[in-house]
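In: Any chance you can model this:
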Amino acid sequence: MKKQHLLDEIERTAEQNGGVPLGRQRFLAETGIRESDWTGRYWTKWSDAVRDAGYVPNTRQRAFDEDYLLEKLASLVRELGYYPVVAELRMKRGSDPEFPSHNTFARFGRKAQVASALLSWCESSPGWDDVQAICAPLAVRAEADEVPVENETAPAVGYVYLLKSGKYYKIGRSNAPGRREYELSIQLPEPVVTVHTIKTDDSVGIEQYWHQRFEERRKNGEWFELRREDVSAFRRRKFM
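Out: Below is the predicted model of the structure:
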């Protein structure tokens, strides 16, 4: 990524924000430009990038960013009526460009820590009692989740698969790719072929994402009548 493009994006987003440059995390949420795209290549600190673009770094921007992120998340929780899974954060980002990227919330920690931060925000922001009630059960696990990284167990890896039998496709999940194809092949009259598998650490959420995305093409249970472009969209993903 060229330096001038980065400077142009800093200027563009600053002007949209009333002439105030965005903080590092909100800049990521607004533009999709990652820290790895600029740090160590053009600047060592975000404040240096902001100065290079002709602005004075906003020393209070971090607190503003946190309020911005938590308010966006609170609005989604209210919209859904429950705390979202990762796939739903991705879906919201896809339908609303102003919603932060799902990995932006990792600055608060793991899921329970994010819920705890959101609970604290709701307690200090009147009018969010419904969201507060949803977050409370999750937030009580925050302390238990605070385990040193070296002692954490790696997240379980699973797969979301796309199988084809005749003209229909099945979207499901498994922890052993290929096993479900064998199980179905002895039950169905037409051959079963694995079209593609997506590796994931959130197989439940990612399976739900694809089921919702192709809901209008659902025929029965996990079986869908997909178009060529639907299959291509699934095959583009190797990990989610």
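In: Show residues contacting stretch 10-20.
Out: For stretch 10-20, the surrounding residues in contact (CB atoms under 8 Å, 6 or more residues apart in numbering) are 21-22, 27, 30-31, 49-50, 53-55, 58, 61. Quick note: C-beta positions are derived from backbone N, CA and C, even for glycine.
In: Tell me which of the residues you listed fall in helices.
Out: Using DSSP state H, the subset of the contacts of stretch 10-20 located in helices is 27, 30-31, 49-50, 61.
In: Name the nearest of the residues you listed relative to Arg78.
Out: The closest of the ones in helices among the contacts of stretch 10-20 to Arg78 turns out to be Glu30 (CB to CB; 22.1 Å).
In: For burial, what's the neighbour tally of that closest one?
Out: Residues near Glu30, counting by other CB atoms under 10 Å, number 19.
In: pLDDT wise, what is it at?
Out: Note for Glu30: predicted pLDDT of 83.
In: which ones are touching it?
Out: 13, 22, 98.
In: how near is it to Arg24?
Out: Going from Glu30 to Arg24 by CB to CB, to the nearest Å gives 11 Å.
In: now swap in Asp37 and tell me
Out: For Asp37, the distance to Arg24 equals 12 Å [CB to CB].
In: Counting neighbours, go ahead and name the busier of those two.
Out: Arg24 (20 against 14).
In: Check whether the more buried one really touches Glu35, as I assumed.
Out: Yes. Under the criterion of CB atoms under 8 Å, Arg24 makes contact with Glu35 at 6.8 Å.
In: after the helix or strand of the chain with the lowest mean pLDDT comes which helix or strand?
Out: Within the chain, no helix or strand scores below helix 142-145, which has a mean of 46 by mean pLDDT, DSSP states H and E. Counting by DSSP states H and E, the next helix or strand C-terminal to helix 142-145 is strand 158-165.
In: May I have that next one as CSV, with CA atoms only?
Out: Listed next in CSV are the C-alpha coordinates belonging to strand 158-165 (Å, rounded to 0.1, in the frame of the first residue of the first chain):
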residue,chain,number,x,y,z
GLY,A,158,-13.6,-27.3,12.9
TYR,A,159,-14.9,-27.1,9.4
VAL,A,160,-18.0,-25.8,7.6
TYR,A,161,-18.5,-27.9,4.4
LEU,A,162,-20.4,-27.6,1.2
LEU,A,163,-21.5,-30.9,-0.3
LYS,A,164,-23.3,-31.6,-3.5
SER,A,165,-25.7,-34.4,-4.3
